[in-house]
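Asks: dropping a prediction and its sequence here:
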Amino acid sequence: MDHDPAELWRRYQKHQTRSRSVGINLDVSRMNFSPRYWSKMEPAIQQAYEAMQQLEAGAIANPDEKRMVGHYWLRTPELAPDKKIATQIRETNDRLVRFAREVHDKVITPPRSARFTDVMLVGIGGSALGPQLVADALGTKRDKMRVHFLDNTDPDGIRRLLESIQTRLKSTLVLVVSKSGSTPETRNGMLEVRAAFEGQDLQFAPQAVAITGEDSKLDKQAKKEKWLERFPMWDWVGGRTSVTSAVGLLPAALQGLDVKGLLDGAAEMDRLTRGTNTKRNPAARMALMWYHATNGKGAKDLVILPYKDRLLLLSRYLQQLIMESLGKETDLDGNTVHQGLSVYGNKGSTDQHAFVQQLREGLNNFFATFVIVQQDVPRPGTQPMLEVDPDISSGDYLLGFWQGTRQALYENGRESMTLALDKLDAKSLGALIALYERAVGFYASLVNINAYHQPGVEAGKKAAASVLELQKKMIAYLKKHPDDTFSPEDLAAGLKQPEHVETLFHLLEHLAANKRHVARHRNRFAYLS
Ligand SMILES: O=P(O)(O)OC[C@H]1O[C@](O)(CO)[C@@H](O)[C@@H]1O
């Protein structure tokens, strides 16, 4: 790695890709690629462009699920392979903007309040992470509605959220978001919220909206119960790339955010990254840097370090986008490859007082992406910036810390790239999201995997379902023997499931800790009536 400042400056100037129209600059000068790297990889990235062109033209780019992959059409409907899809996108976007306006204008109101004040999104994974990122990155005190997220089946988390809303439940609009319409965590969240409504004698349906696939279980329920509204999720949009569908746009519109800016920014980045001149294509450059850093085998982790509180959730969002897309056992030819790219991060400079110590001096098993935002606050100049030292503001410190950390890592042979945003607004956020979506697509082509399915997630879901089945059987068995006490082994033998003794033990411990169905007597358990 070069350490001569003049040479580094030359390198910086040479290895940046500026996307002027969205105000984003990608600098890869602190990545340690060889001078011949780009030309060596050019044939491979040209193939990736071709695959992407086919995908955008409506090819079955997700062969396992036999689906098209159309998130790029969401922001440029005219590119959709048929008119029906383009019309569906436009109509849905118009409808959701109108719906939000009518909620704000009190044309649509809840039965027991003059207006809706809060939005609660119930969803998980791709049905929550994008909306959460957008809400946190762009939200202000001036938002039209307060937004909350229920994204787990943790009773304590659910209770905490419901308690915080309490008296405003009667003016809360609940968005239940699930592409499949059958995700258990989301179903549970919906049932818990519904019970809270009933607890306050409120009707759920007139305050509930479903965003889901047509004819899914959730869709049928919403239709049958006459929920306030239903918005579609199409099978050609993956959960983790759904933020520019109704999934992300409806909560953003209700919050009063600039939905058009978000779509425009994403569309513009799509346009820029459709180009096949690699030097000018930031998504291709980024994917090629991932490939360089990890040997195309995920050999190093990607650390996302935004120097911006509002981008705290970016690493969590990218964790799903990248790891669920790239973490695959087999490639497109059926070879076992165990691909992936691990992502973690938080925010700078906070992390400098946490894990940056290891990044600087410990295991060199990562490469970093810094994200900086030049404009410290929206509408600069409206309030004088405090100078915490002569001529120095808090924001100057933040930039100084980024430069310092980048240099400190580089000096110790640790690679990094930097994404510099002129400012953080709906447009640049849309562009940032689109940039990563396409980088993921390109990288998947480089390593020959299907980025658009998630077969691995199913295994855990199935195993969890059988654990819950076992719990039902166990409780039924205990009920039949109310006067006896059991060790886990006794129960496993009684249920004729000796192979599940440990599972039974964990079920017993959990139920006893919550004083539900099971009481503990030293090392034995009994039915608790
Ligand atoms: O929108 P759904 O169908 O509820 O799924 C939520 C999330 O669960 C996953 O399927 C993983 O289980 C993600 O891919 C998805 O974003």
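Replies: Received the coordinates, thanks. Residues are numbered from 1 along each chain as shown.

Asks: residues from this structure in reach of the ligand?
Replies: Residues of the chain lying near the ligand by C-beta under 6 Å from any ligand atom: 124-127, 178-180, 183, 186, 239-240, 324, 454, 457. Glycine gets a C-beta too; all of them are placed from N, C-alpha and C.

Asks: between those, which is nearest residue 411?
Replies: residue 324 (34.6 Å; C-beta to C-beta).

Asks: just to revisit the earlier point, just the buried subset of the residues of the chain next to the ligand, written out for PyMOL, thanks.
Replies: Buried members of the residues of the chain next to the ligand can be picked out in PyMOL with the line below, counting by 16 or more other C-beta atoms under 10 Å:
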select buried, resi 124+125+126+127+178+179+183+186+239+240+324+454
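
Asks: from the residues of the chain next to the ligand, which shows the smallest pLDDT?
Replies: The weakest per-residue confidence within the residues of the chain next to the ligand falls on residue 457 (89).

Asks: now for the residue nearest to it when sequence neighbours are not counted: which residues touch it?
Replies: Nearest-residue entry for residue 457: residue 324, 7.4 Å, with adjacent residues in sequence omitted and distances by C-beta to C-beta, 6 or more residues apart in numbering. With contact taken as C-beta atoms under 8 Å, 6 or more residues apart in numbering, residue 324 is in contact with 125, 126, 240, 454, 457.

Asks: reformat those as JSON lines; add distance to residue 515.
Replies: Putting the contacts of residue 324 into JSON lines (distance: C-beta to C-beta, whole Å) gives the following:
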{"residue": "125", "distance to residue 515": "32"}
{"residue": "126", "distance to residue 515": "36"}
{"residue": "240", "distance to residue 515": "39"}
{"residue": "454", "distance to residue 515": "37"}
{"residue": "457", "distance to residue 515": "33"}
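
Asks: please narrow these to those residing in helices.
Replies: When those are checked against helices using DSSP state H, the ones located there are residue 457.

Asks: and the helices in the stretch 251-400 of the chain, which stretches?
Replies: Per DSSP state H, counting those that start in this stretch, the stretch 251-400 of the chain carries helices over the ranges 259-274, 282-294, 314-326, 356-361, 394-411.

Asks: residue 393 against residue 384, yeah?
Replies: No. In this structure, residue 393 sits apart from residue 384 without contact. The criterion is C-beta atoms under 8 Å, and the distance is 9.7 Å.

Asks: who's more crowded, those two?
Replies: residue 393 (15 against 7; other C-beta atoms under 10 Å).

Asks: excluding chain neighbours, what is closest to the closest residue to the ligand within the stretch 151-300 of the chain?
Replies: Distances between the stretch 151-300 of the chain and the ligand by C-beta to the nearest ligand atom are smallest at residue 239, namely 2.5 Å. Spatially, and ignoring its direct neighbours in sequence, residue 239 is nearest to residue 126 (2.6 Å; C-beta to C-beta, 6+ apart).

Asks: I'd say the one you found and residue 245 touch.
Replies: No. Taking contacts as C-beta under 8 Å, residue 126 lies outside contact range of residue 245: 10.0 Å.

Asks: common neighbours of those two, please.
Replies: Shared between the contact lists of residue 126 and residue 245 (criterion: C-beta under 8 Å, 6+ apart) there are no residues.

Asks: so where does the closest residue to residue 488 other than its chain neighbours fall, helix or strand?
Replies: Spatially, and ignoring its direct neighbours in sequence, residue 488 is nearest to residue 505 (4.1 Å; C-beta to C-beta, 6+ apart). Following DSSP states H and E, the helix or strand that holds residue 505 is helix 501-513.
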